[in-house]
Every structure is written in C-alpha cells, then in structure tokens.
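[1] based on what follows, work out the 3D shape:
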Amino acid sequence: MDILDKFIEQAKENVKRGYYDISRGAMLDIKRNSLKQKLLSQYFTLIAEIKHASPAGEYSFDDVDANELAFKFKKAGADAISVVVEPRIFKGRLDNITIAKKTNLPVLFKDFIIGETQIKSAAALGADCILLIVKVGERLNLDIGKLIRRAHSYGMEVLLECYDKEEAQKALRTEADIIGINNRDLKTLKVDLNQTREMMEYLRTQNRPVISESGIKSDKDAEFVKLQGVNGILVGTAIWTANDQYAKIKELRLRE
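    Numbers count the residues shown, from 1 in each chain. This is a model prediction of the structure:
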C-alpha cells in the first residue's frame, strides 16, 4: 500500500461515516463563478489554498480562521480559492467552502473524490469547481466521465488532475473544464517542477486551460511554469509556511 492508497482508504471512511451528508438545499439556484473563464481571460491566475495541514509534514494548524484568510487572500491578489475539505489527514472543514464563497471568487472543492456523495455535498455548499484525480479513478475503476457529467449537472466545473502524459491523454478524452498538472508524485509525495515542463510539451497544443499544482514556492517558480505555457498555479504550502502570507501571495501573483 502506498500513500495514495492510504488517502483513498481515508476517503472511503469519511464517506462511510456520513461526513458529507449535509442538507442539500436548492443546488441549482446557487450562483457559480467560473474558474475556467478566469484562467482564460487573464495573463496569469493564482489559486490560493486553504489547507490546514500538509500530508508531507511541512505544517499543521488546528485553529484556522477561514473567513479572515479568504479575504486576506483576495486582498493580496488571489484570483480564486481552493479549499481542502478532507477532515482527518488535512484537518479540513466543509463549511470553509461556504465561507470562501463570501469573497465572490471562484471556489474549488478539493478532496479525494471517490463518488457522487462528495459531489452533491460540494454543490450544496456552493462550490464552483471540484477536483477529480485521474490516478484515483484508475485505482478504484471509477467512471470519471460520469462524475464529470454529474458535477456539470449541478452547474459546477471540473479540474481534472494528472501526473504524466498517459494520464493527460485520458483527461483530454473527458469533458473536464480544466487540466491540472500535479508536480507531486502521489505515490511518494516527491515534487519536481520539471513535471510541468514535460507535460506541457504535450498539453500546450491542446485547447484546454491548464494549471500547475504543488511545489511552487517563489515568483521564480511561478515564472518557470508560466513560461511552459500554463494558465495559472495552485499554491498551498508556500503560503502557509510563509512568514508573511499576504506578501507571499503578492509575490506569486505574476503581473503582465
């Protein structure tokens, strides 16, 4: 069993114990903000992440004021907010989605999604986009296309994450709105930004917005992946380990 298997087993346990069983509300009436259009409409997009703990052990916080953070991120120049909701490994909270929505920025529901229960929860909370992971789909033999269609039926977009060219080919055969390149190997948690360079040799010719995820620590890293052709970046750990989160976001938010 590798690290990803542990994440998947925890996801199964979270679903089983009813973590995602919330009041559904009028899911189709919620105003959704398009992350895809944000990526396509500007020079570079920074998605700042609310993530209470890092699985690689870089940090862990028990008390997080998500409301204060979300508006700090927006003021500093973040274009969208990713919210990690997984409760055991990442110490996330579902209600942080609702809190982040108050900023009126696109909000990404980030989790190890293994079924429709989590997608319904994301929709009811007001998420604008959900994360799906090709490798998780492969491990569990999931119908990724069906999960994407379900998200779309609620008015949400889908960021589909891949690690190598084979996974990217599978992702591009779907109706996913955005392709994510994970620079972190989910089997080992090792990070290499050259993963984005290698993947973009293939993806730059495809008609889909692409973001680079994991391992981006500085403006130089952001500039490196921007030069490879990505539309934006998703950053969590670099913000959470910074002495000044506001300054770090301003640094990472490249301007034309």
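[2] every contact and neighbour count from this point should use C-alpha atoms.
    Noted.
[3] for the stretch 151-256 of the chain, what spans make up the helices?
    In the stretch 151-256 of the chain, the segments counted as helices under DSSP state H, counting those that start in this stretch are 165-172, 194-203, 219-228, 237-240, 245-252.
[4] how about those in a markdown table, adding mean neighbour count and mean pLDDT?
    A markdown table is the format used below for those (neighbours: other CA atoms under 10 Å; pLDDT from 0 to 100):
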| stretch | mean neighbour count | mean pLDDT |
| --- | --- | --- |
| helix 165-172 | 16 | 92 |
| helix 194-203 | 18 | 91 |
| helix 219-228 | 17 | 96 |
| helix 237-240 | 22 | 90 |
| helix 245-252 | 20 | 94 |
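[5] nearest to K51, out of those helices?
    helix 237-240 (7.9 Å; CA to CA).
[6] who touches the closest one?
    48, 51, 54, 58-59, 215-218, 245, 248-249 (CA atoms under 8 Å, 6 or more residues apart in numbering).
[7] looking at these, spot the one nearest V230.
    Distances from V230 to the contacts of helix 237-240, taken by CA to CA, are shortest for I216, at 12.9 Å.
[8] phi, psi of that closest one?
    phi -90, psi 110 (degrees, to the nearest 10).
[9] dump the residue contacts of it.
    Neighbours of I216 in contact, by CA under 8 Å, 6+ apart: 193, 222, 233, 235, 238.
[10] burial count for the first one?
    In other words, L193. L193: 20 surrounding residues under other CA atoms under 10 Å.
[11] also the fourth one?
    Each residue near V235 was counted by other CA under 10 Å, and the total is 25.
[12] quick one: residues contacting it.
    Residues near V235 by CA under 8 Å, 6+ apart: 46-49, 213-217.
[13] spatially nearest residue to A70 (excluding sequence neighbours)?
    A100 (5.6 Å; CA to CA, 6 or more residues apart in numbering).
[14] helix, strand, or coil at the one you found?
    What DSSP: H, G, I helix; E, B strand; the rest coil gives for A100 is helix.
[15] isn't it up against V107?
    Yes - here A100 reaches V107: they are 6.7 Å apart, a contact under CA atoms under 8 Å.
[16] centroid residue for this structure?
    K110 (4.8 Å; CA atoms, centre = their mean).
[17] quick one: contacts for the nearest residue to that one once chain neighbours are set aside?
    Excluding its sequence neighbours, the residue lying closest to K110 (CA to CA, 6+ apart) is V84, at 4.7 Å. V84 is in contact with 49-52, 90, 92-93, 109-111, counting by CA under 8 Å, 6+ apart.
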